[in-house]
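**Student:** Could you work out the structure for the sequence below:
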Amino acid sequence: VDKPMPESVKTAISVEDSKSKRFELAYNVTTCPSLFSRTSIIAFYPRYQVVNLIGEDIYVAQEGALGFNTHISKQSCVHISGLDSQLPTKIRFAVDPANEMWTLGGIELDKIG
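**Tutor:** Sure thing, here's the model as predicted:
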């Protein structure tokens, strides 16, 4: 499983392209040590990451766009970006998207808990 975003990252930005795709990024700015102390490092991270720790492969998709789903192998993760800004910011999960077996509810990405 990929290393998640560090807890020290507290700032996020949202960028929308001309095709109504929204990219959510988090970033952290740190200063380089000693000789390079006048230099800053700006690190960008995907704001949303889905980690699959169960024993089955799953699929994730944005509410309203279930046909454009992303496969997540067991014990792996994916970064969620490029959401359609015209649709809700909810994601839904499935184990068998071909048979329309999606969760009834979604997870709102902009809410914690």
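**Student:** Select the helix or strand of the protein having the lowest average pLDDT value.
**Tutor:** strand 11-16 (a mean of 82; mean pLDDT, DSSP states H and E).
**Student:** which helices and strands does it pack with?
**Tutor:** strand 21-31 (3 or more Cβ pairs under 8 Å, 6 or more residues apart in numbering; DSSP states H and E). C-beta here means a position set from N, CA and C on the backbone, and glycine is covered the same way.
**Student:** Buried residues of the strand it packs on, list them for me.
**Tutor:** Residues of strand 21-31 classed as buried by neighbour count (16 or more other Cβ atoms under 10 Å): 22-24, 26.
**Student:** Repeat that for stretch 70-82.
**Tutor:** In stretch 70-82, counting by 16+ other Cβ under 10 Å, buried: 72, 77-78, 80.
**Student:** Stretch 37-46 now?
**Tutor:** 45-46.
**Student:** and the closest residue to Arg92 other than its chain neighbours, how many neighbours does it have?
**Tutor:** Leaving aside its chain neighbours, Arg92 sits nearest to Gly106 (4.6 Å; criterion: Cβ to Cβ, 6 or more residues apart in numbering). Residues near Gly106, counting by other Cβ atoms under 10 Å, number 17.
**Student:** and what of Val15?
**Tutor:** With neighbours defined by other Cβ under 10 Å, the count for Val15 comes to 10.
**Student:** What residues are bridge-paired with it?
**Tutor:** Bridge pairing for Val15 (DSSP bridges) gives the partners Phe23.
**Student:** could you check the distance from it over to Phe23?
**Tutor:** 5 Å (Cβ to Cβ, to the nearest Å).
**Student:** any chance you could map the strands in this structure?
**Tutor:** 11-16, 21-31, 40-46, 48-52, 58-62, 70-72, 76-80, 83-84, 90-96, 101-102, 107-108 (DSSP state E).
**Student:** Can you tell me what sits against the fifth one?
**Tutor:** The list of residues contacting strand 58-62 from outside it, by Cβ atoms under 8 Å, 6 or more residues apart in numbering, reads 50, 52, 67-72, 78, 80, 83-84, 87-95, 97, 102.
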